[in-house]
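>>> What follows is a predicted structure for the sequence shown.
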Amino acid sequence: MLDPSSGGPGTPLGPDDPRRLGGHRLVRRLGEGGQGVVYLGVPERRGDQGPRVAVKLLRGGSAATPRARARFVKEANAALEITNRHVARVLDADVTGDRPYIVSEFVDGPSLQEWVEEDGPLPAGRLRRVALRSAAGLAAIHRAGVVHRDFKPGNVLLGPDGPKVIDFGVARISDTTPVTTGGAVGTPAYMAPEQIEDEPVGPPADVFAWAGTVVFAATGRPPFGGGPSAAVMRRIVTRPPDLGDMRGELRDLVAACLDKNPAARPTARQIVRALRDGEAPAPRPRPKQIPRYRWRMMLALAAVVAAGFALGILL
């Protein structure tokens, strides 16, 4: 029997945390985000002897806004459609009650973020395996018609049977047209330019984030550096990525995925083929029309130049 005070992953429950949910006894907190809290759970009906699970509870419960509840419903529907060994399985969900929750497979291992922060960048062989398997998970997500929108090192867990992609807290079910952010959503260091500029966001944004995650795994830092979110996002939109000492085909593939033009990036499926079969992605046609976020950059630069010129005349 797993005792809540026995240690293990996460932190102890607080006085306001539930003790039971969805037929599971909650024993520890695994993490917390803007949308909710994730707990480690064990099945009550088996005397706590069954497999451990991760239980995600929507913040606010019955008091949550309709938008937050609708997002949680979409998360559950999206996750239930995905079956791949490189994506954490969803086991159960109840998004209609006073305490909406999702029960998913518990991956017993650190996140890629934690591993690199503690032990440093991955060696070449393991880096390639993590890159391939996380890309395979992302390809499965996209095959299900889903855009993850927050792919990052913290959402790749290094379990006993390999890396697994987790957390569809900001996922969206897509259709034949990309979804729009309605405001930038995600982790700034791994956002694509189109997310920052509130442009249509589709699978290419996940590919951009995957590449940033691989750069972090290879170098110990994201490709556009750290610091204040505004500064990081400005570098993402205006500057080339820093790929450190990455070499060879993986560097070339990552560079293509970090193209600021979403239409020029390879697909997740092409990434898998490139890493597994050595099949280089065919160049994707670039649209002749300049994306809106580049027009904004050009107009802003022109405005600065014009203001400086006018100031010079006045002085």
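Here it is on my side, so go on.

>>> Helices of the stretch 201-315 of the chain, start to end?
Under the criterion DSSP state H, counting those that start in this stretch, the stretch 201-315 of the chain contains helices at 203-219, 229-238, 248-257, 268-277, 292-314.

>>> So what touches the second one?
Helix 229-238 is touched from outside by 184, 188-189, 191-193, 196-197, 222, 224-226, 260, 293, 297, with contacts defined as Cβ atoms under 8 Å, 6 or more residues apart in numbering. C-beta: built from backbone N, CA, C; applies to glycine.

>>> Let me know the angle separating that helix from helix 203-219.
Computed by axes from the mean of the first three to the mean of the last three Cα atoms, to 10 degrees, the angle separating helix 229-238 from helix 203-219 equals 110 degrees.

>>> OK, contacts around R85?
Going by Cβ under 8 Å, 6+ apart, R85 touches D161, G162, K164.

>>> for this protein, what helix or strand is lowest in average pLDDT?
For the chain, counting by mean pLDDT, DSSP states H and E, strand 179-180 ranks last in confidence among helices and strands (a mean of 38).

>>> Packing partners of whichever helix or strand comes after that strand?
Once strand 179-180 ends, the next helix or strand along the chain (criterion: DSSP states H and E) is helix 193-196. Packing contacts for helix 193-196, counted by 3 or more Cβ pairs under 8 Å, 6 or more residues apart in numbering; DSSP states H and E, involve strand 200-201, helix 203-219, helix 229-238, helix 292-314.

>>> distance between the ends of stretch 104-120?
Across stretch 104-120, the terminal residues are separated by 29 Å (Cα to Cα, to the nearest Å).

>>> Flag every buried residue along it.
Residues of stretch 104-120 classed as buried: S104, E105, F106, V107, G109, P110, S111, L112, Q113, W115, V116 (neighbour count, 16 or more other Cβ atoms under 10 Å).

>>> Go through these and name the one nearest V215.
Set against V215, the nearest of the buried residues of stretch 104-120 by Cβ to Cβ is V116 (10.8 Å).

>>> In contact with that closest one, which residues are there?
V116 sits in contact with L122, P153, F216, A217, G220, where contact means Cβ under 8 Å, 6+ apart.

>>> Which of the helices and strands packed on helix 193-196 has the lowest mean pLDDT?
Of all the helices and strands packed on helix 193-196, mean pLDDT reaches its minimum on helix 292-314 (a mean of 52).

>>> follow-up on the earlier one: the contacts of V116 into a markdown table, with extra columns for neighbour count and distance to G10?
Shown next, in a markdown table, are the contacts of V116 (neighbours: other Cβ atoms under 10 Å; distance: Cβ to Cβ, whole Å):
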| residue | neighbour count | distance to G10 |
| --- | --- | --- |
| L122 | 22 | 24 |
| P153 | 25 | 18 |
| F216 | 24 | 23 |
| A217 | 22 | 23 |
| G220 | 14 | 25 |
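
>>> Can you add pLDDT and secondary structure and give the buried residues of stretch 104-120 back as JSON lines?
Formatted as JSON lines, the buried residues of stretch 104-120 follow (pLDDT from 0 to 100; DSSP: H, G, I helix; E, B strand; the rest coil):
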{"residue": "S104", "pLDDT": "88", "secondary structure": "strand"}
{"residue": "E105", "pLDDT": "89", "secondary structure": "strand"}
{"residue": "F106", "pLDDT": "92", "secondary structure": "coil"}
{"residue": "V107", "pLDDT": "92", "secondary structure": "coil"}
{"residue": "G109", "pLDDT": "93", "secondary structure": "coil"}
{"residue": "P110", "pLDDT": "94", "secondary structure": "coil"}
{"residue": "S111", "pLDDT": "94", "secondary structure": "strand"}
{"residue": "L112", "pLDDT": "97", "secondary structure": "helix"}
{"residue": "Q113", "pLDDT": "96", "secondary structure": "helix"}
{"residue": "W115", "pLDDT": "97", "secondary structure": "helix"}
{"residue": "V116", "pLDDT": "97", "secondary structure": "helix"}
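
>>> Go through the residues you listed and name the one nearest V55.
Sorting the buried residues of stretch 104-120 by how near they are to V55, with Cβ to Cβ, puts S104 at the top with 8.0 Å.

>>> now G31, what's its secondary structure?
Going by DSSP: H, G, I helix; E, B strand; the rest coil, the secondary structure assigned to G31 is strand.

>>> Outline the domain layout of this structure.
The chain is divided into the following domains under automatic domain parsing: 20-105, 112-293.

>>> Can you tell me which of those domains has the worst average pLDDT?
For the domains of the chain, mean pLDDT drops lowest on domain 20-105, to a mean of 81.

>>> Distance from that one to the middle of the chain?
Distance of domain 20-105 from its chain centroid, counting by Cα atoms, centre = their mean, to the nearest Å, is 18 Å.

>>> what do you get for stretch 114-130?
Computed by Cα atoms, centre = their mean, the chain-centroid distance of stretch 114-130 equals 18 Å.
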